[in-house]
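>>> pasting the sequence and the predicted model now:
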Amino acid sequence: MAEAISSPAISAFDSIAESFDARFAPWKSVAAQRKAVRIELAKAFPPGSSLIEIGGGTGEDACWLLDRGRQVLLTDPSPAMVRAAAAKFESQPGGRAKVALAEQLELFGSSLSAERFDGAYSNFAALNCVTDLAPVARGLARLLRPDAPALIVIFGTFCSGEVLVEGLRGRPRNMLRRLAHKPVPAQLGEQEFTIRYHRASALKTAMAPWFDFDGKQAIGLFVPPSTAEPWISSHPRLLRALEGLDRRLSRPLAMFGDHILYRFTRNGTVGPM
């Protein structure tokens, strides 16, 4: 089972689980990007929806949805993150948190018997810690009802904001790191691991034949990535202006986002058994 699995990425997120919310909560760029995603979550999943979250971390998005009448089963490979989310759910009816690897969703689904969900989502690049997206898609196909939406938010492969920020900070090696076709080093706290910047074509191929692609939009187009913190948080008027530009241009310029939100719909193709 997933609880017995260990990896550098899991160890990294375990190590910062207790301080994760405190670290990112003050950063207004993160809040702006999260708000943009939540607008789309609210549109895709009406009140009463039963949802599964992939890589839900400490449960910030799940709690937001629970407050608004949705039910959420949060999954995450980090036991420490799941414990943090479960603690929040104690006062949140309809919330559950389970340790599960995204790559093992098929196996995880078999433990849920016949339970099927009205939708799925994964926010803030949880799937960039996954090398192969195909088993994730197969697992989602098993877990979702026909016509269920799936919203996947992963890193973009060319973030103009990151190019600018990393250049200004004298880190040229980081300016174009997202163009790499191989795993790229990353670090949280003192823990090192790798991530993969998935191309749109790779995600679409993995999701077929069980999902139809419905479009994409940038999350953090003009709103800068978190590498611009804490500077951007001290300029709230500028950040609000950048959010306005994002609202107008996030779809036509989707490929340049810090993150990209991809929309899929579970079609009628019979899923894995």
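Looks like it arrived, so ask away.
>>> those helices in the chain, which residues are they?
Assigned by DSSP state H, the chain shows helices spanning 8-16, 20-24, 28-44, 60-67, 79-89, 105-110, 134-143, 160-168, 172-175, 200-207, 236-249.
>>> in the first one, what counts as buried?
Going by neighbour count (16 or more other Cβ atoms under 10 Å), the buried part of helix 8-16 is 9-16. Any C-beta I mention is one placed from the backbone N, CA and C, and that applies to glycine too.
>>> packing partners for that helix?
Counting contacts by 3 or more Cβ pairs under 8 Å, 6 or more residues apart in numbering; DSSP states H and E, helix 8-16 is packed against helix 79-89, strand 184-188, strand 191-195.
>>> and the residue most central in space within the chain, what does it touch?
With distances taken as Cα atoms, centre = their mean, Asn123 lies nearest the centre of the chain, 2.0 Å away. Applying Cβ atoms under 8 Å, 6 or more residues apart in numbering to Asn123 gives the contacts 34, 37, 53, 55-56, 61, 153.
>>> which of those lies closest to Thr205?
Closest approach between these and Thr205, by Cβ to Cβ: Val153, at 18.2 Å.
>>> quick one: low-confidence parts of the stretch 1-150 of the chain?
Residues of the stretch 1-150 of the chain that meet the criterion pLDDT under 70 lie in 1-5.
>>> among the helices of the chain, which is nearest Phe193?
That would be helix 8-16 among those, by Cβ to Cβ, at 3.7 Å.
>>> give me the distance from the closest one to the chain's centre.
Centroid separation for helix 8-16 versus its chain: 16 Å, with Cα atoms, centre = their mean, to the nearest Å.
>>> stretch 252-271 too?
Mean-position distance between stretch 252-271 and its chain equals 12 Å (Cα atoms, centre = their mean).
>>> tell me how far Arg237 lies from Ala17.
For Arg237, the distance to Ala17 (Cβ to Cβ, to the nearest Å) stands at 34 Å.
>>> the two: which has the busier surroundings?
Neighbours per residue (other Cβ atoms under 10 Å) separate Arg237 from Ala17, with Ala17 holding more: 20 against 7.
>>> list the contacts of Phe45.
Contacts of Phe45 by Cβ under 8 Å, 6+ apart are 51, 65, 70, 118-119, 121, 149.
>>> how about it: what's its closest non-neighbour residue?
Nearest non-adjacent residue to Phe45, counting by Cβ to Cβ, 6 or more residues apart in numbering: Gly119, 4.8 Å away.
>>> wait, the one you found touches Glu53, no?
No: using Cβ atoms under 8 Å, Gly119 is not in contact with Glu53; the gap is 9.8 Å.
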